[in-house]
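A.B. asks: no sequence on hand, only this structure:
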């Protein structure tokens, strides 16, 4: 994920549990931040599928139960470095919370974006990338909101199995797979800007979280309680 982020000009903020938090438009302004983040999300789905297919050989078929859920939102955020024993770059604001809601109310191997991100993509000439979700989504603290799916070249919300997409790059994914546990890299500086984002827990901007089947989730919760 870090390699793709560097290639796409995406800034990794941190990982929280099984969630990968990233942002575009920060710390350097990027007029096309929504497009960059969408391409990043698409490529991440492909990588996730490839990795889990390989891991199934050594870890067993249950590895295929892992899946990636992605949520994107765009808007102003407050960014800064939290000083302490371990200083780290952090993002704050409603934009972060909304991105988290986009991820948590999404579906496996699909990219759900907010209205603000969808509008930016349309302004960038990418109207064919987005499709309104049929039902309204109930987002905590916001009520029922209209969200959008990022569509694949085949016209579905799921990634294509074997197509070359000049806009998104190679897209090939199978249902549910991945978990990224990468180290965060603190950054010096304080900025406020418009951005796409990713996160989890209490907030996220352009957020990606690996998600397992219900059984695995329950087992994970039981282990955490025991710990």
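C.D. replies: Alright, I've got the coordinates. All figures in this text were calculated on a predicted structure; none of them were measured in a lab.
A.B. asks: any stretches of this protein with poor pLDDT?
C.D. replies: Along the chain, the parts satisfying pLDDT under 70 run over 153-227.
A.B. asks: tell me which stretches of it form strands.
C.D. replies: Ranges of strands in the chain, per DSSP state E, are 11-16, 19-23, 67-72, 74-82, 88-92, 111-113, 130-132, 137-139, 143-145, 148-150, 163-165, 169-171, 191-196, 206-211.
A.B. asks: just checking, what packs against the longest one?
C.D. replies: Strand 74-82 is packed against strand 88-92, helix 94-104, helix 115-123, strand 191-196, with contacts defined by 3 or more Cβ pairs under 8 Å, 6 or more residues apart in numbering; DSSP states H and E. Heads up, the C-betas are built off the backbone N, CA and C, glycines and all.
A.B. asks: any chance of these in JSON lines with mean neighbour count as columns?
C.D. replies: As requested, the helices and strands packed on strand 74-82 are exported to JSON lines (neighbours: other Cβ atoms under 10 Å):
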{"stretch": "strand 88-92", "mean neighbour count": "19"}
{"stretch": "helix 94-104", "mean neighbour count": "26"}
{"stretch": "helix 115-123", "mean neighbour count": "20"}
{"stretch": "strand 191-196", "mean neighbour count": "22"}
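A.B. asks: residue 52: which of those is closest?
C.D. replies: helix 94-104 (18.8 Å; Cβ to Cβ).
A.B. asks: nearest to residue 141, out of the helices and strands packed on strand 74-82?
C.D. replies: Evaluated over the helices and strands packed on strand 74-82, closeness to residue 141 peaks at helix 94-104, with 7.0 Å, by Cβ to Cβ.
A.B. asks: relative to strand 88-92, how tilted is the closest one?
C.D. replies: 90 degrees (axes from the mean of the first three to the mean of the last three Cα atoms, to 10 degrees).
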